[in-house]
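Visitor: Quick one, fold the following:
(3 chains)
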Amino acid sequence: MKHWLFKSEPGAFSYADLEASPNRTTGWDSIRNYQARNMMRDEMSVGDPVLFYHSQTGKPAVVGVAEVASTPYPDPTQFDPDSRYFDAKATLEAPRWFQVDIRALRPLERPVTLAELRNVDELAGMYLLRRGNRLSIQPVTEREFRYVLSLAAG
DNA sequence: GCCAACGTTGGC
DNA sequence: GCCAACGTTGGC
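Guide: The predicted model follows:
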């Protein structure tokens, strides 16, 4: 079992939006970064725990816990000519982009902000805290995952 | 809105 | 295969 962090802009899709989705689940579509795709396609398993992170907001923070809820499958937006994520080089026989579903489990007791994470020695190695990191899907160690939860629990 | 960092594209 | 140009991300 691996642990992950998924970024989302709450203005586009928030943790509350995930909780409000049918079965508290949504397909994580529109990812157009090869590293992120590879993680979804090759490394994720149903049940993997996920930290849900809000970016592009006044207080970027981990706000909730989710889990991987499907095996990987082709991202349908790549085949849709009307989508901004349409990819003319993708075919049904050879899809280029893959996604998984994620399901909301529970919100954190309180958001754990990026600023707060930066002040914790134990989390110094977190990918999220690396300079210039832009990956919207990131691996998290089990230790890091638990530590973030413990911060939220106080 | 600014800017640093990074990935992708495409000419050569 | 190099590398400049460009677009995007995301914190501040």
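Visitor: How about A:H54, nearest residue that isn't a chain neighbour?
Guide: Residue nearest to A:H54 in three dimensions, not counting chain neighbours: A:P10, with 4.6 Å by CB to CB, 6 or more residues apart in numbering. C-beta here means a position set from N, CA and C on the backbone, and glycine is covered the same way.
Visitor: Which residues of chain A lie near DNA strand C?
Guide: A:7, A:9, A:55-57, A:60, A:114-115, A:118, A:133-136 (CB under 7 Å from any atom of the strand).
Visitor: that older thread, element containing the residue nearest to A:H54?
Guide: A:P10 belongs to no helix or strand when elements are defined using DSSP states H and E.
Visitor: give me the number of residues near it?
Guide: By the criterion of other CB atoms under 10 Å, A:P10 has 18 neighbours.
Visitor: Assess the claim that it and A:K59 are in contact.
Guide: No. The pair A:P10 and A:K59 fails to qualify as a contact (CB atoms under 8 Å) at a distance of 10.3 Å.
Visitor: quick one: A:Q78 and DNA strand B, what's the gap?
Guide: Relative to DNA strand B, A:Q78 is positioned 12 Å away (CB to the nearest atom of the strand, to the nearest Å).
Visitor: before we move on, what about A:R96?
Guide: Counting by CB to the nearest atom of the strand, the gap from A:R96 to DNA strand B is 10 Å.
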